[in-house]
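>>> based on what follows, work out the 3D shape:
(chains A, B, C and D)
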2 protein chains.
Amino acid sequence: MFEPVTIKDIAKALGLSTSTVSRALRDTHEISAATKKVVLAYAKEINYQPNPIALSLKERRSKSIGVVVSEVANSYFSQAINGIESIAYDRGYHVIISQTHESYDREVINVQHLASRSVDGLLVSLSSETTDISHLTHLHERGLPIVFFDRVADAINTHKVIANNEKGAYQATDYLIKNGYKRIAHLTSSSHLSISIERLSGYEAALKDNGLAVNPQYIKHCLHGGMLYTETETAIKELMGLKEKPDAIFVAGDRLSTGCLSVFKNLKIAVPNDMAIAGFSNSDVLDLFNPSLTSVRQPAFDIGQMATEMLLQLIEAKYPVEEFEKRILETDLCVR
Amino acid sequence: MFEPVTIKDIAKALGLSTSTVSRALRDTHEISAATKKVVLAYAKEINYQPNPIALSLKERRSKSIGVVVSEVANSYFSQAINGIESIAYDRGYHVIISQTHESYDREVINVQHLASRSVDGLLVSLSSETTDISHLTHLHERGLPIVFFDRVADAINTHKVIANNEKGAYQATDYLIKNGYKRIAHLTSSSHLSISIERLSGYEAALKDNGLAVNPQYIKHCLHGGMLYTETETAIKELMGLKEKPDAIFVAGDRLSTGCLSVFKNLKIAVPNDMAIAGFSNSDVLDLFNPSLTSVRQPAFDIGQMATEMLLQLIEAKYPVEEFEKRILETDLCVR
DNA sequence: TTGAATTTCGGCAACGTTGTCGGGAACGAT
DNA sequence: ATCGTTCCCGACAACGTTGCCGAAATTCAA
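Next up is the predicted model:
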C-alpha cells in the first residue's frame, strides 16, 4: 500500500544504474555535474527519501539510541528526555523511549527489545525493582555502548551521569533542621538504588552534623518508588503511628513527593503545620501547591544532554573506550 | 564492535544452509525433527536473536508505530501513551514517541522523520501551531495509515478518537454557573485546534442555556497552549484589566490550567476566592492543590488504546479501508 | 598518432532474512 | 523394475543501498 520511492525507480526512469544514482545523490566526485543535476532534480520532484532500514542493514547501525526510564510522566525524566532529544536530534540520531514503570520484568523486556532492534547504544536509568543487572552486563560485554544516568549500576564499568544526590539530600535535611524541626523522617525508594543510597547518606550526614541521632524507624523505603499509593500510605501511617511522631519528612523522589502529599491530604494532615516536607522534585506543578514545597532540583535537562553526549562519544569511537568517568552535577535547593 | 549472531553463523557451525536454519527456526514442516532440534538447541546456546532490520527490509514493514504529541510531560499525553503502549506491545509493535513542543516546524520534521524511518503507521495529535497539514495529507495519500487522537484534522479522512470535548466543556461551565458565578471567562488554546473549537462551543452553549451572554472579551486564546508563561500571563492580565472582571474562568487544557494557577499565584489572586477555576486536566498532582480544582478528566488511557487498535486495524488490513469513523469518549467531571 | 591518464559510469557483491524452485533420497505401490 | 510421492534440504533471488572493481569514453601529453 505505502510504497516509497527507491533509488531503483530513479535509475529506471533516467536510464541510469543504481550505483550512479546513489553516487549522484551522495555528491561523489566521480559523477558528472550534468548527471548529478538531472538525478537531484528528479529525486526532488518525486520526493525521494533514502530508506533508513536498508542503510541500517548495510552500515550495521541504526542511528538510533534507546532510552530506558521508569516513566515519562515523571517530571525529572521528561526533562531529561528533552535534554537527550536536544543532543540526539542535532547529531542525527533517533530516540526510542521505553518505560519500565519500575518493573524489573519490563526493564528486561524493554532492554532486549531495544538491543534486538539494533539501537546503537542505550541510556539507562534502572527501575526500582532491579537488583540483577545481567541483562545489561551481557549486552555491555558484547560491546553495546551503555551510559547510565540517575539510577546507575556501579557494577558495570561505563560512563555515568548523576546529580550530587548526597549533597542535595544534605542541604534539604539541613534546611529542615535549621527551621527548627528535630524529628525528621526519610521517605525513599528501594534501598538498593544508587540514588537511595546516596540520598540516605546525605540525610544521615546532615543529622549527625547537627547533633541529631539517626532513628532507623524514621527511614521508610518504598520498593516501587511511589508508584503504588498503598505503599506510600503504609509508610506514612507507620511513621504517624510511632510514639514519637516525626515533625518533618525528607522525601527522596519526584513520585514519592506527590504520593506523600496525596496521603497527607487524605489523612487530613496539614502541611507544613502538622508535618513539614522537603524533598527531591523537578515538578513545576508542585510549586503551585500552597504553601509551596522546598525542594531539591536536579539539572535533569543537563544530565540528559551530558549522558547523550557521552553515549554518542562511545558509539562513534573508533577504538574501544577503556577509560570511563562518572559526572556529578550539582543540585539546586529551592527554598519556598 | 557489537556483532550479533546471524543465521549464517549457525549454518556454518552446523554445516547446514541458511535456508534450512531459517526454516528450522520458523518451525516449518519441511524440516526433519532431528535437524530442528539441533538448530534450536544451538540457537539458544549462542543466544541467537533475529535481526529485525533485515526483516523490516524484506517484509517492507517495521512493526513499529510513530506517535506525535506536543509533549510527554503533559499528563493527558503521558496517560495516552501508556494506553498506546499497552496495546502496541501486546501486538508486537514498537512505539516511537516524538514531541512537537507545540511547534509546527518540529511537527513537520518529526513526521517526516518517522515516515522515512518506515513506521507502519502514525498516531497524531496536532501541535497548537499547526494549520497547514499537507505534510500529513501527502503521506496519507500515499497510503500511510494515520489515526488522529485528541487534536484531529477533519480534512483528512481517517479514523479519529477524541473525548466529548463539547459536553465536558458544557458541564464544567455549567458547574461554575450553578455555583453562582456569572462572569465566566474562557482560556483556551489556539483557535484552529479541533479541541479548542469543540470546547468553546460547549462553553457557549452552557452560557446560553443558563441565560448568560457570551462576552467575546472573556474569551482568550493562547497560541502555544500554555507552553509560554508570558502568553498565559498576558491573557490573564487582560482579563483582570477589564472593567467587568470575570469572577470565574473555564480553562481548556492541562498545560493552561497549571500555567493559569501559576500566574494567579504570582499576581496574588486567590483561588477560588478572587477567581474560581474549572478546566480540562488529567493531572493527578493538581488534585493536591489546595483547595482542589474541579476538573474535566478525559479517558486518556482509553483514547490511546482505542486509537492504537484502530491504527493496527488499518495497518494489518488486507484491503484498503474506505470507511472511517470518529469515536467519541465521554469525559468525567471531577467536582472538588 | 599513440599511449597513458582521467573522467564517468555500470556490474557485482554484500548486509540478514525468507520465499520459490528444484533436486536428491527414500519409500510405497503397481 | 518402474513410477509416483513424500520428505528434506540447498541454491538462488530479492528487499534498498553502497563499496569495490572494471571498462568505456574522453582528454591530455609526447
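>>> what are the boundaries of the strands in the stretch 1-150 of chain A?
Residue ranges of the strands in the stretch 1-150 of chain A, as given by DSSP state E, counting those that start in this stretch, are A:64-69, A:94-99, A:121-124, A:146-149.
>>> contact partners for residue A:187?
Neighbouring residues of residue A:187 by Cβ atoms under 8 Å, 6 or more residues apart in numbering or on different chains: A:220, A:222, A:232, A:235-236, A:239, A:249-252, A:256, A:260, A:279. Every C-beta, even on glycine, is put in place using the N, C-alpha and C of the backbone.
>>> also near chain B: which of those residues, exactly?
Checked against chain B using Cβ under 8 Å from any Cβ of the partner chain, the contacts of residue A:187 give no members in range.
>>> nearest to DNA strand C, of those?
residue A:222 (41.6 Å; Cβ to the nearest atom of the strand).
>>> for beta bridges, what are the partners of that closest one?
On the basis of DSSP bridges, residue A:222 is bridged to residue A:189.
>>> among the strands of the stretch 1-150 of chain A, which is nearest DNA strand C?
strand A:64-69 (16.7 Å).
>>> in strands only, show me the contacts of residue A:187.
A:220, A:222, A:249-251, A:279 (DSSP state E).
>>> tell me the one of those residues nearest residue A:76?
residue A:279 (12.0 Å; Cβ to Cβ).
>>> give me the beta-bridge partners of the closest one?
residue A:251, residue A:295.
>>> that one and residue A:250 touch, don't they?
Yes - between residue A:279 and residue A:250 there is a contact at 6.0 Å, judged by Cβ atoms under 8 Å.
>>> got any residues that touch both of those two?
Contacts common to residue A:279 and residue A:250, judged by Cβ under 8 Å, 6+ apart, are A:172, A:187.
>>> and those two? which has more neighbours close in?
residue A:250 (32 against 28; other Cβ atoms under 10 Å in any protein chain shown).
>>> got a list of what the more buried one touches?
A:169, A:172-173, A:176, A:184-187, A:203, A:277-279.
>>> at 7 Å instead, please
Counting by Cβ atoms under 7 Å, 6 or more residues apart in numbering or on different chains, residue A:250 touches A:169, A:172-173, A:176, A:184, A:186, A:203, A:278-279.
>>> what's the answer for residue A:103, then?
Residue A:103 touches A:127, A:129, counting by Cβ under 7 Å, 6+ apart.
>>> residue A:130 versus that one, what's the distance?
9 Å (Cβ to Cβ, to the nearest Å).
>>> intersection of neighbour lists for the two?
Joint contacts of residue A:103 and residue A:130 (Cβ under 7 Å, 6+ apart) do not exist.
>>> quick check, stretch A:13-26 touching DNA strand C?
Yes - Stretch A:13-26 lies within reach of DNA strand C by Cβ under 7 Å from any atom of the strand, at A:15-20.
>>> including distance to DNA strand C and pLDDT, could the ones in strands among the contacts of residue A:187 go into CSV?
What follows is the ones in strands among the contacts of residue A:187, written out as CSV (distance: Cβ to the nearest atom of the strand, whole Å; pLDDT from 0 to 100):
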residue, distance to DNA strand C, pLDDT
A:220, 48, 96
A:222, 42, 94
A:249, 52, 96
A:250, 51, 97
A:251, 47, 96
A:279, 47, 93
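>>> in a markdown table: the residues you listed, plus distance to DNA strand D.
Listed next are the ones in strands among the contacts of residue A:187 as a markdown table, based on distance: Cβ to the nearest atom of the strand, whole Å:
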| residue | distance to DNA strand D |
| --- | --- |
| A:220 | 55 |
| A:222 | 49 |
| A:249 | 58 |
| A:250 | 55 |
| A:251 | 52 |
| A:279 | 51 |
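>>> of all pairs in the residues you listed, which one is the farthest apart?
Farthest pair in these, by Cβ to Cβ: A:222 and A:250, 13.8 Å.
>>> mind listing what the residue of the stretch 1-150 of chain A found nearest DNA strand C touches?
Residue nearest to DNA strand C within the stretch 1-150 of chain A: residue A:20 (2.8 Å; Cβ to the nearest atom of the strand). By Cβ under 7 Å, 6+ apart, the contact set of residue A:20 is A:31, A:35.
>>> nearest to residue A:285, out of the strands of the stretch 1-150 of chain A?
strand A:64-69 (18.8 Å).
>>> so how far is that closest one from its chain's centroid?
9 Å (Cα atoms, centre = their mean, to the nearest Å).
>>> contacts for it next, please.
So strand A:64-69 is contacted by A:77, A:81, A:84, A:88, A:93-100, A:107, A:110-111, A:114, A:119-125, A:311 (Cβ under 7 Å, 6+ apart).
>>> out of the residues you listed, which touch chain B?
A:81, A:94, A:96-97 (Cβ under 7 Å from any Cβ of the partner chain).
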